[in-house]
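Undergrad: after the sequence you'll find the predicted model.
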Amino acid sequence: MNIQTATMADAAALVGMALTFRNHLERTTPTQAQFEQSITVLLNSPDARFLIASDDNGPIGYVLLRFRYSMWVGGAEATIEDLFVDPSRRKNGVGRALIEAALQAATAQGCLSVCLDTNELNVASNAIYTQLGFNAVSKRWNGRQIFYRKPLPTTAVAS
């Protein structure tokens, strides 16, 4: 298995894996065209990095890192926005290897911390994250942190 930073040459493979991920989540959006646009934007952004895992048969997974400055960290912080492994390749260490590569990339980028969100019932991912030292318990309240999301109405953006 090889893990490297994805380039525009990997865009079609990333779109294909994102569609598989979307279907696994039992969603109908984003559409293929929306993924194509988003992945192109992200591949060209200095604040995002896809790492793609491949074997002799081609791409088998990816992780998407996003970078930003955090006032709570007092420096750069990375967010793992996506982790996907082809369903036929799960339970073979691909996800763990991608997260380890993401941690190395974030460190090389000067990040002081890495955060992510996942569902509490996603047992496999949670096992990887806790084994690698991620923690969801707040020291202040001694409870698990909760990630909320609220979709906003779509508005036309003036160009």
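TA: Received, thanks.
Undergrad: all contacts plus neighbour counts: C-alpha atoms, from now on.
TA: Fine.
Undergrad: contacts for stretch 63-82?
TA: 47-52, 62, 83-84, 98-99, 102, 106, 110-117 (C-alpha atoms under 8 Å, 6 or more residues apart in numbering).
Undergrad: from those residues, list just the buried residues.
TA: Buried members of these, scored by 16 or more other C-alpha atoms under 10 Å, are 48-52, 62, 83-84, 98-99, 102, 106, 111, 113-114.
Undergrad: looking at those residues, which one is closest to Phe21?
TA: Using C-alpha to C-alpha, Phe84 is the member of the buried ones among the contacts of stretch 63-82 that lies nearest Phe21, at 6.7 Å.
Undergrad: C-terminal to the lengthiest strand in the chain, what's the next element?
TA: Criterion DSSP state E: the longest strand present in the chain is strand 58-70. Using DSSP states H and E, the next helix or strand after strand 58-70 towards the C-terminus is strand 75-85.
Undergrad: ok, that next one: who's next to it in the sheet?
TA: strand 58-70 (antiparallel), strand 113-116 (parallel) (DSSP bridges).
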